[in-house]
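# 3D, please:
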Amino acid sequence: MTFARVALFAAAFVAVAVVSLFPSAGSEKVALSVAIDGAIGPASSRQLKEALDAAARRDAAVLILQLDTPGGLVTSMREMIADILASPVPVIGYVAPAGGHAASAGTYILYATHVAVMAPGTNLGAATPVEIGGLPSLPGGDKGDQKGGGDQKGGGDQKGGGDQKETGGRPAGDAMMAKVTNDAVALIRSLAELRGRNGDWGEKAVREAASLSANAALQEHVIDFVARDTTELLQLADGRTVDVAGKKVVLATKGLPVETLEPGWFIQLLSVITDPNTAVILMLVGVYGIVFEFTSPGAVAPGVIGTICLVLGLYALDLLPINYTGLALMLLGVVFLIIEAFNPTVVLGLGGVAAFLFGAAMLLRVEGPGFAVSWAIIGPAAALTLGLALLSGTYLWAARRNPPRVGGEAMRGQPAEILDWQGGEGHVLALGERWRAKADEPVAAGDSVEVTDISDLVLTVRRRDAGRNGARQ
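Numbers count the residues shown, from 1 in each chain. Just a heads-up that it's a prediction; the model follows:
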């Protein structure tokens, strides 16, 4: 009986080992799907990385990357492209649903996928890099002076940036923008060569901000086919040969079940806090929470909330391509305004607002759709900060002008009553307390006097009617 139990245990152990070593032997292949909806940023990059890890871990047949994005940050876009190119699982880029688009950074990502697909009623393109650095334009400032590099025709007129024509009295692009544009062209051409797609149109999308509908993209050999839904997509992708991490793989996707990967709480949090405007607000709340905690020790709540917000704001800014000079100017402006609140000088207040606004204007080194500092947020934040500083300064100035209410200074002018008196000294009752007192004029017990000075806990008093008579004279 014991031998039978041991044999049964050994058989179970071997079965478990076989299943762990060959998990795919008894598991059905699936197609995983992840949706990138909105601006491309750190949250999108993290979401795709986790989806690719899950697809590799579960040995999925394909990963469907559904795109509906206006573009985003170049840094996050390049991270996503690198992850797709290194993925051991084929990635199918799918621009959907109808009415969606893969603009700017989305176009590069679609070019990088192993199979590119679009739903009817979608579009892609407009991949011209946006301006780097500088101060953001005020409303109504730029009206068609720069049209996304549209005046650059295939780069043939560019000779080191010196022969560029002028539009509206200024160059169409400086040397830095020429470098960025040429780098973007090289990237999209390399992706087109890798996946066998139309590199000429990709360059046109970068230099001239060209766009295509789904059917036009199919005719231009930018995408592989058009599909109405994921079922049709898997059917049309079946049997295609793709290059996955240097190996030729034949897709077997027909009839596969599709499982959607939902973003976790951390990715949702990232998508909120990595908005530059949200990060700036978190920083302000954090700084003022800590300031209120120092000015009112023991309140606890302002310090806890402020610290959490400050850490979240710094973490978000660390994930974004920020200009540290701009961040330093913003923090310097806040410090000036805090000093202005405790020591009103007006100069510090105005300087603090100016430093804060200049810092916010140059905070981001690279701006993209969904990742730009908004004056509608920064302006009111600066005004509110200045208002708090002025309000605090007003209260402090009023407190300075009011008579003291504690200590020896507060005793001057207080009424008192003589309790006992002998010679030039005695005791008086002032503010409900018994004090030693002296006077330079004759007084007697029961007289009403007022305090004129205090020295070493001894009050100097005088008759109240004498004080009034002296005031009349």
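# in its sheet, what does the helix or strand residue 243 falls within sit against?
Using DSSP states H and E, residue 243 maps to strand 241-244. The pairing partners recorded for strand 241-244 under DSSP bridges are strand 247-250 (antiparallel).
# I'd like the next helix or strand past the strand it pairs with.
strand 258-260.
# how distant is that following strand from the center of its chain?
The chain centre lies 30 Å from the centre of strand 258-260; the measure is CA atoms, centre = their mean, to the nearest Å.
# below-threshold pLDDT in the stretch 201-350 of the chain: ranges please.
295, 341, 344, 346 (pLDDT under 70).
# check the gap between the spatially most distant residue from the centre of the chain and residue 416 for me.
The outermost residue of the chain relative to its centre, with distances by CA atoms, centre = their mean, is residue 423 at 77.0 Å. Remark: distance between residue 423 and residue 416 (CB to CB, to the nearest Å) = 18 Å. Placement of C-beta: from N, CA and C, glycine included.
# go ahead and confirm residue 335 touches residue 356.
No: distance between residue 335 and residue 356: 10.0 Å, which falls outside the contact criterion (CB atoms under 8 Å).
# who's more crowded, those two?
residue 356 (25 against 15; other CB atoms under 10 Å).
# check contacts around that one.
When contacts are counted by CB atoms under 8 Å, 6 or more residues apart in numbering, residue 356 touches 329, 330, 333, 334, 337, 382, 385.
# so which of the residues you listed belong to helices?
Among those, DSSP state H puts 329, 330, 333, 334, 337, 382, 385 in helices.
# let me have the residues you listed in JSON lines, extended by distance to residue 236 and neighbour count.
Output for these, formatted as JSON lines (distance: CB to CB, whole Å; neighbours: other CB atoms under 10 Å):
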{"residue": "329", "distance to residue 236": "54", "neighbour count": "21"}
{"residue": "330", "distance to residue 236": "51", "neighbour count": "26"}
{"residue": "333", "distance to residue 236": "56", "neighbour count": "24"}
{"residue": "334", "distance to residue 236": "56", "neighbour count": "22"}
{"residue": "337", "distance to residue 236": "60", "neighbour count": "29"}
{"residue": "382", "distance to residue 236": "54", "neighbour count": "23"}
{"residue": "385", "distance to residue 236": "56", "neighbour count": "23"}
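# nearest to residue 309 among the residues you listed?
residue 334 (13.3 Å; CB to CB).
# ramachandran coordinates for the residue nearest to that closest one when sequence neighbours are not counted?
Spatially, and ignoring its direct neighbours in sequence, residue 334 is nearest to residue 287 (5.3 Å; CB to CB, 6 or more residues apart in numbering). Residue 287 adopts backbone torsions of phi -60, psi -50, taken as degrees, to the nearest 10.
# if we can go back for a sec, for the residue farthest from the centre of the chain, give its distance to residue 443.
From residue 423 to residue 443 the distance is 11 Å (CB to CB).
# so which of the contacts of residue 356 is the closest to residue 452?
Nearest member of the contacts of residue 356 to residue 452, counting by CB to CB, is residue 337, at 42.5 Å.
# the closest one against residue 349, yeah?
Yes: counting by CB under 8 Å, residue 337 does reach residue 349; the two are 6.3 Å apart.
# and the furthest pair within the contacts of residue 356?
Farthest pair in the contacts of residue 356, by CB to CB: 329 and 385, 13.7 Å.
# helices along the stretch 351-473 of the chain, start to end?
375-401, 464-472 (DSSP state H, counting those that start in this stretch).
# go on, the stretch 201-350 of the chain?
214-219, 230-237, 265-273, 276-295, 301-319, 324-342, 347-361.
# using a markdown table, lay out those together with distance to residue 372.
Shown next, in a markdown table, are those (distance: least, CB to CB, whole Å):
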| stretch | distance to residue 372 |
| --- | --- |
| helix 214-219 | 28 |
| helix 230-237 | 33 |
| helix 265-273 | 16 |
| helix 276-295 | 7 |
| helix 301-319 | 15 |
| helix 324-342 | 13 |
| helix 347-361 | 11 |
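# wait, which of the ones you listed is closest to residue 452?
Comparing the helices of the stretch 201-350 of the chain under CB to CB, the one sitting nearest is helix 324-342, at 33.1 Å.
# for residue 68, helix, strand, or coil?
strand (DSSP: H, G, I helix; E, B strand; the rest coil).
# tally of neighbours for the closest residue to it other than its chain neighbours?
Counting by CB to CB, 6+ apart, residue 68 lies nearest to residue 100, which is 3.5 Å off, once chain neighbours are set aside. Burial of residue 100 is recorded as 21 neighbouring residues (other CB under 10 Å).
# could you do residue 413 as well?
Using other CB under 10 Å: residue 413 sits among 11 other residues.
# quick check: it touching residue 451?
Yes: under the criterion of CB under 8 Å, residue 413 makes contact with residue 451 at 6.6 Å.
# how close does the residue nearest to residue 359 when sequence neighbours are not counted sit to residue 351?
Nearest in space to residue 359, with sequence neighbours left out and distances taken as CB to CB, 6+ apart, is residue 329 at 3.0 Å. From residue 329 across to residue 351, the span is 11 Å (CB to CB).
# contact partners for residue 126?
Per CB under 8 Å, 6+ apart, neighbours of residue 126: 71, 103, 104, 107, 148, 205, 209, 210, 211.
# identify the farthest-apart pair in the residues you listed.
71 and 210 (14.5 Å).
# settle it for me: which of those two has more neighbours?
Between residue 71 and residue 210, residue 71 has the larger neighbour count (other CB under 10 Å), namely 26 against 20.
# how about the nearest residue to that one, chain neighbours excluded?
Residue 71's closest residue in space is residue 104 (CB to CB, 6+ apart), at 2.6 Å.
# surely the one you found touches residue 124?
No: proximity of residue 104 to residue 124 does not meet the contact threshold set by CB under 8 Å, at 9.4 Å.
# where does the stretch 51-200 of the chain dip in pLDDT?
Across the stretch 51-200 of the chain, the ranges flagged by pLDDT under 70 are 130-173.
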